[in-house]
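K.L.:
give the three-dimensional model of this entry:
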Amino acid sequence: MILGNRQTDPHEDPESPRLSHRGLSRRGAKAYQAVLEAVLCVPAGAILGWGVDKFAETGPWGIVGGLVFGFIAFVINAVRLPGRLAAVPEDAESEVPPNE
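P.N.:
Just a heads-up that it's a prediction; the model follows:
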């Protein structure tokens, strides 16, 4: 076996589209980034709401409002996630502009 040659599965369709390892890792990284952003929206809203309560002495309403806004931001990020992942190019060649 020569290194660099890839043996294919005889049952695999040679015409099927595949992601390169680089494209797969870019999509994976983008997915982790988007999920992390979405999950951190709620605690960030709570912390900002707590700060509003602390300085404006508004009782629990700052935290409640921060949690509501954080949850809304979470839902918006979750809805936009598939579109953000679809925008990631599959391989490095698609990002390189042609030489003129």
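
K.L.:
the helices in this structure, which residues?
P.N.:
With DSSP state H as the criterion, the chain has helices at 21-56, 61-86.

K.L.:
export the ones you listed to TSV and tack on mean neighbour count?
P.N.:
C-beta coordinates here come from the backbone N, C-alpha and C atoms, glycine included. As requested, those are exported to TSV (neighbours: other CB atoms under 10 Å):
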stretch	mean neighbour count
helix 21-56	15
helix 61-86	15
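
K.L.:
now those helices in CSV, with mean pLDDT?
P.N.:
Below are the helices of the chain laid out as CSV (pLDDT from 0 to 100):
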stretch, mean pLDDT
helix 21-56, 85
helix 61-86, 90
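
K.L.:
neighbours of the nearest residue to Lys30 once chain neighbours are set aside, just the number please.
P.N.:
Leaving aside its chain neighbours, Lys30 sits nearest to Val88 (5.0 Å; criterion: CB to CB, 6 or more residues apart in numbering). For Val88, the count of nearby residues is 16 (other CB atoms under 10 Å).

K.L.:
okay, Val88: pLDDT?
P.N.:
Val88 is assigned a predicted lDDT (pLDDT) of 76.

K.L.:
ditto for the one 3 residues further on
P.N.:
Per-residue confidence (pLDDT) for Asp91: 55.

K.L.:
kindly report the same for the one 3 residues further on.
P.N.:
At Ser94, the pLDDT value in this model is 47.

K.L.:
repeat that for the one 4 residues further on.
P.N.:
Listed pLDDT for Pro98 reads 58.

K.L.:
can you name the residues in contact with stretch 47-62?
P.N.:
Stretch 47-62 has contacts (CB atoms under 8 Å, 6 or more residues apart in numbering) with Ile63, Val64, Gly65, Gly66, Leu67, Phe69.
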